[in-house]
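J.: sequence plus predicted model, see below.
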Amino acid sequence: MSLRLIPTVVVVGLSLLGLVGSSAAQCRPDGDVEFVCGPVSPEDLVAVPESPWVIVAGMEDDGYLYATDTRDHQSTVLFPTETFRARLHASFTDCGGPVTGRFRPHGLNLRPGLGGRHTLYVVRHGAREAIEVFALDARGVVPSLTWIGCAVAPNEVTFNSVAALPGGGFVATHFNRPLGELWEWQPGGGWTEVPGSQTNGPNGVVASPDGRWLYVGGWGTRSLIRLSRGLTPVRQDSVEVGFHIDNVRWAGDGSLLAAGHLGAEAESIFQCLGQGQCDGVTSRVARVDPDQLTTEEIVRYPSNEQFILGTVALEVNDEIWLGGIAGADRIVRFRVP
(Lines give C-alpha, C1' and ligand atoms only; values in the text may rest on other atoms or scores of the structure.)
Protein backbone atom coordinates (compact mmCIF):
# COMPACT_ATOMS: atom_id res chain seq x y z
CA MET A 1 0.00 0.00 0.00
CA SER A 2 1.37 3.43 -0.92
CA LEU A 3 1.43 5.66 2.14
CA ARG A 4 1.77 9.41 2.55
CA LEU A 5 3.27 10.57 5.81
CA ILE A 6 2.84 13.90 7.54
CA PRO A 7 6.13 15.33 8.95
CA THR A 8 7.40 14.04 12.27
CA VAL A 9 6.91 15.99 15.48
CA VAL A 10 8.37 15.25 18.90
CA VAL A 11 5.82 15.40 21.70
CA VAL A 12 6.71 16.09 25.33
CA GLY A 13 4.56 14.26 27.84
CA LEU A 14 5.08 11.88 30.73
CA SER A 15 8.24 11.14 32.69
CA LEU A 16 10.84 8.86 31.15
CA LEU A 17 11.09 5.56 32.98
CA GLY A 18 13.85 3.78 31.06
CA LEU A 19 14.84 0.31 32.24
CA VAL A 20 12.50 -1.60 34.52
CA GLY A 21 13.10 -4.79 36.45
CA SER A 22 13.07 -6.63 39.76
CA SER A 23 15.84 -7.88 42.01
CA ALA A 24 17.12 -11.43 41.64
CA ALA A 25 15.52 -12.36 44.96
CA GLN A 26 12.11 -11.10 43.85
CA CYS A 27 12.41 -12.95 40.54
CA ARG A 28 13.59 -16.33 41.80
CA PRO A 29 12.21 -19.41 40.00
CA ASP A 30 9.17 -21.39 41.08
CA GLY A 31 10.72 -24.85 40.87
CA ASP A 32 11.42 -25.49 37.19
CA VAL A 33 9.40 -22.44 36.16
CA GLU A 34 11.38 -19.23 35.58
CA PHE A 35 10.33 -15.61 35.10
CA VAL A 36 11.02 -12.37 33.29
CA CYS A 37 10.29 -9.68 35.87
CA GLY A 38 9.55 -5.99 35.45
CA PRO A 39 6.61 -5.26 33.12
CA VAL A 40 3.39 -4.79 35.11
CA SER A 41 0.28 -6.68 33.94
CA PRO A 42 1.92 -8.03 30.73
CA GLU A 43 -1.42 -8.92 29.13
CA ASP A 44 -0.14 -9.40 25.57
CA LEU A 45 3.21 -10.15 23.95
CA VAL A 46 4.39 -9.95 20.35
CA ALA A 47 7.80 -10.82 18.92
CA VAL A 48 9.72 -8.38 16.73
CA PRO A 49 10.92 -10.33 13.65
CA GLU A 50 14.64 -11.02 13.22
CA SER A 51 15.48 -9.40 16.54
CA PRO A 52 15.85 -10.36 20.22
CA TRP A 53 12.93 -8.12 21.23
CA VAL A 54 9.43 -8.80 22.52
CA ILE A 55 6.88 -5.98 22.78
CA VAL A 56 4.77 -6.13 25.95
CA ALA A 57 1.43 -4.44 26.70
CA GLY A 58 1.25 -3.45 30.37
CA MET A 59 -2.51 -3.42 30.90
CA GLU A 60 -2.87 -0.89 33.70
CA ASP A 61 -4.98 2.30 33.88
CA ASP A 62 -1.81 4.29 33.21
CA GLY A 63 0.06 1.51 31.48
CA TYR A 64 3.02 1.22 29.15
CA LEU A 65 4.35 -0.50 26.09
CA TYR A 66 7.64 -2.21 26.94
CA ALA A 67 10.44 -3.74 24.88
CA THR A 68 11.85 -6.83 26.59
CA ASP A 69 15.24 -8.18 25.57
CA THR A 70 15.13 -11.99 25.30
CA ARG A 71 18.91 -12.16 25.89
CA ASP A 72 19.15 -10.55 29.34
CA HIS A 73 15.43 -10.16 30.16
CA GLN A 74 15.72 -6.42 30.75
CA SER A 75 12.71 -4.30 29.80
CA THR A 76 12.54 -0.71 28.57
CA VAL A 77 9.50 1.55 28.45
CA LEU A 78 8.78 2.60 24.85
CA PHE A 79 5.49 4.50 25.22
CA PRO A 80 4.45 6.82 26.71
CA THR A 81 7.71 8.52 27.63
CA GLU A 82 8.83 12.06 28.37
CA THR A 83 9.59 12.54 24.69
CA PHE A 84 8.00 10.46 21.99
CA ARG A 85 7.62 10.87 18.26
CA ALA A 86 4.35 11.41 16.42
CA ARG A 87 3.84 11.51 12.66
CA LEU A 88 0.19 11.40 11.66
CA HIS A 89 -0.35 9.02 8.78
CA ALA A 90 -2.70 10.07 5.98
CA SER A 91 -4.81 6.92 6.52
CA PHE A 92 -5.75 8.07 10.03
CA THR A 93 -6.66 11.74 9.57
CA ASP A 94 -9.98 11.27 11.42
CA CYS A 95 -8.12 10.21 14.55
CA GLY A 96 -6.75 13.54 15.77
CA GLY A 97 -3.51 13.48 17.70
CA PRO A 98 -1.80 11.19 20.20
CA VAL A 99 -3.24 10.95 23.73
CA THR A 100 -0.82 9.73 26.41
CA GLY A 101 -2.95 10.13 29.53
CA ARG A 102 -5.05 7.19 30.73
CA PHE A 103 -3.27 4.88 28.30
CA ARG A 104 -4.45 1.31 29.00
CA PRO A 105 -2.89 -0.95 26.34
CA HIS A 106 -4.44 -4.36 25.75
CA GLY A 107 -4.11 -6.53 22.62
CA LEU A 108 -1.09 -6.29 20.30
CA ASN A 109 -0.26 -7.27 16.75
CA LEU A 110 2.64 -6.52 14.44
CA ARG A 111 2.75 -6.21 10.67
CA PRO A 112 6.29 -7.23 9.59
CA GLY A 113 8.13 -4.81 7.34
CA LEU A 114 11.57 -4.68 5.75
CA GLY A 115 14.93 -3.76 7.20
CA GLY A 116 13.81 -3.73 10.82
CA ARG A 117 10.86 -1.38 10.22
CA HIS A 118 7.44 -2.68 11.19
CA THR A 119 3.93 -1.52 12.11
CA LEU A 120 2.56 -2.14 15.62
CA TYR A 121 -1.18 -2.19 16.38
CA VAL A 122 -2.35 -1.69 19.97
CA VAL A 123 -5.83 -2.04 21.44
CA ARG A 124 -6.17 0.96 23.72
CA HIS A 125 -8.69 1.72 26.47
CA GLY A 126 -8.82 4.65 28.87
CA ALA A 127 -8.92 8.15 27.40
CA ARG A 128 -10.35 6.69 24.18
CA GLU A 129 -11.35 3.30 22.82
CA ALA A 130 -9.24 2.78 19.71
CA ILE A 131 -6.61 0.85 17.83
CA GLU A 132 -3.44 2.94 18.20
CA VAL A 133 -0.90 2.51 15.39
CA PHE A 134 2.87 2.92 15.69
CA ALA A 135 5.82 2.68 13.35
CA LEU A 136 8.32 0.38 15.08
CA ASP A 137 12.01 0.75 14.26
CA ALA A 138 14.12 -2.18 15.51
CA ARG A 139 17.41 -1.07 13.94
CA GLY A 140 18.77 0.70 17.03
CA VAL A 141 20.19 -0.55 20.30
CA VAL A 142 16.61 -0.55 21.63
CA PRO A 143 13.47 -0.46 19.44
CA SER A 144 11.70 2.88 19.09
CA LEU A 145 8.06 3.75 18.44
CA THR A 146 6.57 6.61 16.43
CA TRP A 147 2.83 7.15 16.84
CA ILE A 148 1.25 7.41 13.37
CA GLY A 149 -2.48 7.40 14.09
CA CYS A 150 -5.46 5.50 15.41
CA ALA A 151 -8.85 4.10 14.46
CA VAL A 152 -11.47 5.03 17.05
CA ALA A 153 -13.86 2.18 17.87
CA PRO A 154 -17.50 2.25 16.74
CA ASN A 155 -19.98 3.46 19.34
CA GLU A 156 -20.52 1.05 22.25
CA VAL A 157 -17.79 -1.32 21.01
CA THR A 158 -14.95 -2.29 23.33
CA PHE A 159 -12.04 -4.00 21.62
CA ASN A 160 -9.92 -6.80 23.03
CA SER A 161 -7.48 -8.10 20.39
CA VAL A 162 -6.31 -6.96 16.97
CA ALA A 163 -4.75 -8.65 13.92
CA ALA A 164 -3.21 -7.10 10.80
CA LEU A 165 -4.68 -7.98 7.39
CA PRO A 166 -3.10 -7.87 3.92
CA GLY A 167 -3.52 -4.50 2.23
CA GLY A 168 -3.18 -2.29 5.30
CA GLY A 169 -6.35 -3.14 7.19
CA PHE A 170 -6.88 -4.94 10.47
CA VAL A 171 -9.52 -6.84 12.40
CA ALA A 172 -10.43 -6.55 16.08
CA THR A 173 -12.57 -8.53 18.53
CA HIS A 174 -15.41 -7.07 20.57
CA PHE A 175 -15.39 -9.23 23.70
CA ASN A 176 -18.96 -9.47 24.94
CA ARG A 177 -21.05 -12.16 26.59
CA PRO A 178 -23.26 -13.86 25.62
CA LEU A 179 -22.67 -12.44 22.14
CA GLY A 180 -19.76 -10.45 20.74
CA GLU A 181 -18.37 -10.04 17.24
CA LEU A 182 -15.40 -9.01 15.11
CA TRP A 183 -14.90 -5.72 13.29
CA GLU A 184 -12.73 -5.01 10.25
CA TRP A 185 -11.10 -1.66 9.46
CA GLN A 186 -9.84 -0.71 6.01
CA PRO A 187 -8.11 2.50 4.85
CA GLY A 188 -10.72 4.83 3.39
CA GLY A 189 -13.56 2.56 4.48
CA GLY A 190 -13.52 2.58 8.27
CA TRP A 191 -15.17 -0.11 10.37
CA THR A 192 -17.54 -2.87 9.24
CA GLU A 193 -18.78 -5.86 11.21
CA VAL A 194 -17.25 -9.16 10.06
CA PRO A 195 -20.03 -11.41 8.67
CA GLY A 196 -20.70 -14.58 10.65
CA SER A 197 -18.40 -13.57 13.51
CA GLN A 198 -20.91 -13.42 16.36
CA THR A 199 -20.03 -15.77 19.20
CA ASN A 200 -19.89 -15.95 22.99
CA GLY A 201 -16.95 -13.84 24.14
CA PRO A 202 -14.62 -13.58 21.11
CA ASN A 203 -11.21 -12.78 22.57
CA GLY A 204 -7.87 -13.30 20.82
CA VAL A 205 -7.51 -13.24 17.03
CA VAL A 206 -4.87 -13.87 14.37
CA ALA A 207 -5.20 -13.97 10.58
CA SER A 208 -3.73 -16.40 8.09
CA PRO A 209 -0.91 -14.89 5.99
CA ASP A 210 -3.23 -14.56 2.97
CA GLY A 211 -6.02 -13.04 5.08
CA ARG A 212 -8.57 -15.66 4.03
CA TRP A 213 -8.99 -17.15 7.52
CA LEU A 214 -9.36 -15.70 11.00
CA TYR A 215 -8.57 -17.79 14.07
CA VAL A 216 -10.53 -16.56 17.08
CA GLY A 217 -10.17 -17.44 20.73
CA GLY A 218 -13.66 -18.32 21.90
CA TRP A 219 -13.54 -17.38 25.58
CA GLY A 220 -17.16 -18.28 26.26
CA THR A 221 -17.17 -21.39 24.06
CA ARG A 222 -13.78 -22.67 25.29
CA SER A 223 -12.83 -23.30 21.68
CA LEU A 224 -10.56 -22.12 18.89
CA ILE A 225 -12.76 -20.89 16.04
CA ARG A 226 -11.70 -20.86 12.37
CA LEU A 227 -13.70 -18.26 10.44
CA SER A 228 -13.53 -17.60 6.71
CA ARG A 229 -13.05 -14.06 5.44
CA GLY A 230 -14.40 -12.99 2.06
CA LEU A 231 -16.24 -16.25 1.34
CA THR A 232 -19.99 -16.57 0.67
CA PRO A 233 -21.47 -18.36 2.49
CA VAL A 234 -19.26 -17.86 5.54
CA ARG A 235 -17.48 -20.98 6.75
CA GLN A 236 -16.89 -21.61 10.44
CA ASP A 237 -15.28 -24.56 12.24
CA SER A 238 -14.01 -24.95 15.78
CA VAL A 239 -12.16 -27.24 18.15
CA GLU A 240 -12.74 -27.36 21.89
CA VAL A 241 -9.66 -26.87 24.05
CA GLY A 242 -11.25 -27.24 27.50
CA PHE A 243 -10.47 -23.74 28.83
CA HIS A 244 -11.35 -20.09 28.23
CA ILE A 245 -9.08 -18.91 25.41
CA ASP A 246 -7.67 -15.43 25.81
CA ASN A 247 -4.99 -14.70 23.19
CA VAL A 248 -3.82 -16.65 20.14
CA ARG A 249 -0.34 -16.55 18.60
CA TRP A 250 1.38 -18.23 15.65
CA ALA A 251 4.26 -20.59 16.52
CA GLY A 252 7.35 -21.15 14.39
CA ASP A 253 6.14 -24.52 13.08
CA GLY A 254 2.89 -23.05 11.73
CA SER A 255 0.74 -24.19 14.66
CA LEU A 256 -1.25 -21.88 16.90
CA LEU A 257 -0.65 -21.29 20.60
CA ALA A 258 -3.93 -20.68 22.40
CA ALA A 259 -3.49 -19.37 25.95
CA GLY A 260 -6.12 -18.89 28.61
CA HIS A 261 -7.40 -20.06 31.95
CA LEU A 262 -9.95 -22.26 33.69
CA GLY A 263 -11.79 -22.30 36.99
CA ALA A 264 -14.69 -24.25 38.42
CA GLU A 265 -17.01 -22.05 36.32
CA ALA A 266 -16.73 -18.96 34.14
CA GLU A 267 -17.47 -16.59 37.02
CA SER A 268 -14.52 -18.08 38.93
CA ILE A 269 -12.20 -16.18 36.60
CA PHE A 270 -13.83 -12.84 37.39
CA GLN A 271 -13.77 -13.63 41.13
CA CYS A 272 -10.07 -14.38 40.79
CA LEU A 273 -9.41 -11.09 39.00
CA GLY A 274 -11.67 -8.89 41.10
CA GLN A 275 -11.50 -10.44 44.55
CA GLY A 276 -8.33 -12.53 44.53
CA GLN A 277 -10.33 -15.73 45.08
CA CYS A 278 -8.29 -17.96 42.79
CA ASP A 279 -8.55 -21.42 44.36
CA GLY A 280 -8.64 -24.03 41.61
CA VAL A 281 -7.85 -21.52 38.84
CA THR A 282 -5.13 -22.55 36.38
CA SER A 283 -3.43 -20.97 33.38
CA ARG A 284 -3.43 -23.14 30.26
CA VAL A 285 -1.74 -23.26 26.85
CA ALA A 286 -2.75 -25.53 23.97
CA ARG A 287 -1.06 -26.10 20.62
CA VAL A 288 -3.61 -26.20 17.79
CA ASP A 289 -3.15 -27.44 14.23
CA PRO A 290 -4.88 -24.72 12.13
CA ASP A 291 -5.63 -27.09 9.25
CA GLN A 292 -6.75 -30.25 11.02
CA LEU A 293 -8.15 -28.41 14.07
CA THR A 294 -6.55 -30.85 16.49
CA THR A 295 -5.27 -29.70 19.86
CA GLU A 296 -2.79 -30.69 22.55
CA GLU A 297 -2.46 -29.06 25.96
CA ILE A 298 1.19 -28.18 26.64
CA VAL A 299 1.09 -25.94 29.75
CA ARG A 300 -0.96 -26.06 32.96
CA TYR A 301 0.12 -23.70 35.74
CA PRO A 302 -1.85 -23.12 38.98
CA SER A 303 -2.70 -19.61 40.11
CA ASN A 304 -0.37 -18.42 42.90
CA GLU A 305 0.78 -15.29 44.69
CA GLN A 306 3.36 -14.51 42.02
CA PHE A 307 1.17 -15.02 38.96
CA ILE A 308 -2.64 -15.09 39.09
CA LEU A 309 -3.85 -15.61 35.56
CA GLY A 310 -2.31 -16.32 32.14
CA THR A 311 -3.48 -14.48 29.02
CA VAL A 312 -1.03 -15.05 26.14
CA ALA A 313 1.59 -17.61 25.09
CA LEU A 314 4.51 -16.65 22.87
CA GLU A 315 7.22 -18.93 21.50
CA VAL A 316 10.64 -17.44 22.37
CA ASN A 317 13.54 -19.63 21.21
CA ASP A 318 13.11 -22.91 23.13
CA GLU A 319 10.65 -21.47 25.66
CA ILE A 320 7.00 -20.56 25.95
CA TRP A 321 6.49 -17.14 27.55
CA LEU A 322 3.18 -16.69 29.35
CA GLY A 323 1.86 -13.17 29.96
CA GLY A 324 -0.74 -12.22 32.56
CA ILE A 325 -2.82 -9.48 34.17
CA ALA A 326 -4.13 -8.29 37.55
CA GLY A 327 -0.94 -6.48 38.56
CA ALA A 328 1.47 -9.34 37.84
CA ASP A 329 5.02 -8.00 37.56
CA ARG A 330 6.35 -10.93 35.57
CA ILE A 331 6.15 -13.12 32.50
CA VAL A 332 6.32 -16.87 33.13
CA ARG A 333 8.86 -18.95 31.19
CA PHE A 334 8.35 -22.65 30.37
CA ARG A 335 10.53 -24.96 28.35
CA VAL A 336 8.84 -25.95 25.09
CA PRO A 337 7.47 -29.48 25.57
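T.: Cool, the structure landed.
J.: and stretch 97-105, which residues are buried?
T.: Using 16 or more other Cβ atoms under 10 Å as the test for burial, stretch 97-105 gives Pro98, Val99, Thr100, Phe103, Arg104, Pro105. No exception for glycine: its C-beta is placed from N, CA and C like everyone else's.
J.: ignore what I typed, I meant stretch 64-77.
T.: Neighbour count says stretch 64-77 has Tyr64, Leu65, Tyr66, Ala67, Thr68, Asp69, Thr70, His73, Ser75, Thr76, Val77 buried, by 16+ other Cβ under 10 Å.
J.: check stretch 163-178 too.
T.: Buried, per 16+ other Cβ under 10 Å, within stretch 163-178: Ala163, Ala164, Leu165, Gly168, Gly169, Phe170, Val171, Ala172, Thr173, His174, Phe175, Asn176.
J.: gap between Trp213 and Ala313?
T.: For Trp213, the distance to Ala313 equals 20 Å [Cβ to Cβ, to the nearest Å].
J.: neighbour count: those two, which is higher?
T.: Set side by side, Trp213 and Ala313 show more neighbours around Ala313, with 30 against 19, by other Cβ atoms under 10 Å.
J.: just list the residues touching the more buried one, thanks.
T.: Taking Cβ atoms under 8 Å, 6 or more residues apart in numbering, we find Ala313 in contact with Asn247, Arg249, Leu257, Ala258, Ala259, Val285, Val299, Ile320, Trp321, Leu322, Gly323.
J.: wait, the third one touches Asp246, no?
T.: So that's Leu257. No. Counting by Cβ atoms under 8 Å, Leu257 does not reach Asp246; the two are 11.1 Å apart.
J.: out of those two, which sits in the busier spot?
T.: Per other Cβ under 10 Å, whichever of Leu257 and Asp246 has more neighbours is Asp246, with 30 against 23.
J.: need the three-state assignment for the more buried one.
T.: Under DSSP: H, G, I helix; E, B strand; the rest coil, the three-state class of Asp246 is strand.
J.: mind listing what it touches?
T.: Asn203, Gly204, Gly217, Trp219, Ala259, Gly260, His261, Gly310, Thr311, Val312 are the contacts of Asp246 under Cβ under 8 Å, 6+ apart.
J.: so what's the second one up against?
T.: This means Gly204. Gly204 touches 107, 160-161, 173, 216-217, 245-249, 258-259, 312, counting by Cβ under 8 Å, 6+ apart.
J.: ditto for the third one
T.: Listed by Cβ under 8 Å, 6+ apart, the contact partners of Gly217 are 161, 202-205, 224-225, 245-248, 258, 260.
J.: could you give the bridge partners of it?
T.: Leu224 (DSSP bridges).
J.: for Asp253, see how far away it is.
T.: 19 Å.
J.: may I ask which two of the buried residues of stretch 64-77 are separated the most?
T.: Tyr64 and Thr70 (18.4 Å; Cβ to Cβ).
J.: before we move on, back to that, looking at the contacts of Gly204, which is nearest Gln275?
T.: Looking across those and measuring by Cβ to Cβ, the closest to Gln275 is Asp246, at 19.3 Å.
J.: buried sites along stretch 119-133?
T.: Those would be 119-126, 129-133, for stretch 119-133 by 16+ other Cβ under 10 Å.
J.: which of those residues fall in strands?
T.: Applying DSSP state E to the buried residues of stretch 119-133, the entries found in strands are Thr119, Leu120, Tyr121, Val122, Val123, Arg124, His125, Gly126, Ala130, Ile131, Glu132, Val133.
J.: who's the first one bridged to?
T.: Assessed by DSSP bridges, Thr119 has beta-bridge partners Arg111, Ala135.
J.: thought it was touching Gly113?
T.: Yes. Here Thr119 reaches Gly113: they are 6.5 Å apart, a contact under Cβ under 8 Å.
J.: what is the burial count for the nearest residue to Met59 once chain neighbours are set aside?
T.: Distance criterion Cβ to Cβ, 6 or more residues apart in numbering; nearest residue to Met59, sequence neighbours excluded, is Glu43 at 3.8 Å. For Glu43, the count of nearby residues is 28 (other Cβ under 10 Å).
J.: right, I'll leave it there.
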